[in-house]
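> give me a 3D structure for the following:
(one chain, ligands or ions: 1)
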Amino acid sequence: SGMRENLSYEQFGVAVRELAQTIADDGYRPDVVLSIARGGVFVAGGLAYALDCKNIHLVNVEFYTGVGTTLEMPVMLAPVPNAIDFTDKKVLIADDVADTGKTLKLVRDFCLDAVAEVRSAVIYEKAQSLVKCEYVWKRTDEWINFPWSVLPPVTPSGEAPAVNREAL
Ligand code: 5GP
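Below you'll find the predicted structure:
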């Protein structure tokens, strides 16, 4: 399964503060942080606190089914946020990683018509990403183990453990 980039919760805490510092130093003050669930929720929460932004929205996108295995195209799951809510707003899209970049492109294109300005922030960006994010903490081309998804879901004690497809 090749080399892995391993991110711990402790390193994530450092990463999200450093990412926020880069955004603040750049003078971008978002009105809304739009998180891409589920991985982007952690990033969005950290960035929204660090940037003193009280307005978080969420969009659910499904794409990956395992390590390197995807649906043909990412799809937004219901309920899709109302783009009207972002009219004249400065939006910061937050996600854990831009890999192919298809997920971020879907969400960015969804915003582009309605909003005043949209920029994207990710912990990791891979070289192949078709979206070049304005704010990136680290570049890698390895599969990343994130602290929130590296372990399988918990099961009630005494039951057989679930299999984590991401760890196979
Ligand atoms: P993309 O659309 O850019 O290919 O992928 C976006 C989503 O796929 C990410 O938000 C993440 O949930 C998942 N993903 C892509 N690459 C990786 C990876 O290296 N590690 C993990 N854990 N998830 C990934």
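
> for this protein, which residues score under the pLDDT cut-off?
Filtered on pLDDT under 70, the chain yields the residue ranges 1, 64, 66-67, 165-168.

> so what's the most centrally placed residue in it up against?
Most central in the chain under C-alpha atoms, centre = their mean is residue 95, positioned 1.2 Å from the mean C-alpha point. By C-beta atoms under 8 Å, 6 or more residues apart in numbering, the contact set of residue 95 is 35, 36, 39, 40, 43, 103, 104, 120, 121, 122. (C-beta placed from N, C-alpha, C; glycine too.)

> what's the next secondary structure element after the longest helix seen in the chain?
When the chain is parsed with DSSP state H, its longest helix is helix 9-25. Remark: after helix 9-25, the chain's next helix or strand is strand 32-37, criterion DSSP states H and E.

> pairing partners for that following strand, with directions?
Strand pairing for strand 32-37, determined by DSSP bridges: strand 56-66 (parallel), strand 90-98 (parallel).

> redo those strands as TSV? Include distance to residue 114.
Shown next, in TSV, are the strands paired with strand 32-37 (distance: least, C-beta to C-beta, whole Å):
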stretch	distance to residue 114
strand 56-66	12
strand 90-98	9
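
> between those, which gets nearest to residue 47?
strand 90-98 (5.5 Å; C-beta to C-beta).

> how distant is that closest one from the center of its chain?
6 Å (C-alpha atoms, centre = their mean, to the nearest Å).

> repeat for stretch 26-42
8 Å.

> with stretch 95-109 instead?
Stretch 95-109 sits 8 Å away from the centroid of its parent chain (C-alpha atoms, centre = their mean).

> and the closest residue to residue 119 other than its chain neighbours, how many neighbours?
Of all residues not flanking residue 119 in the chain, residue 134 sits nearest, at 4.2 Å (C-beta to C-beta, 6 or more residues apart in numbering). Close neighbours of residue 134, defined as other C-beta atoms under 10 Å, add up to 16.
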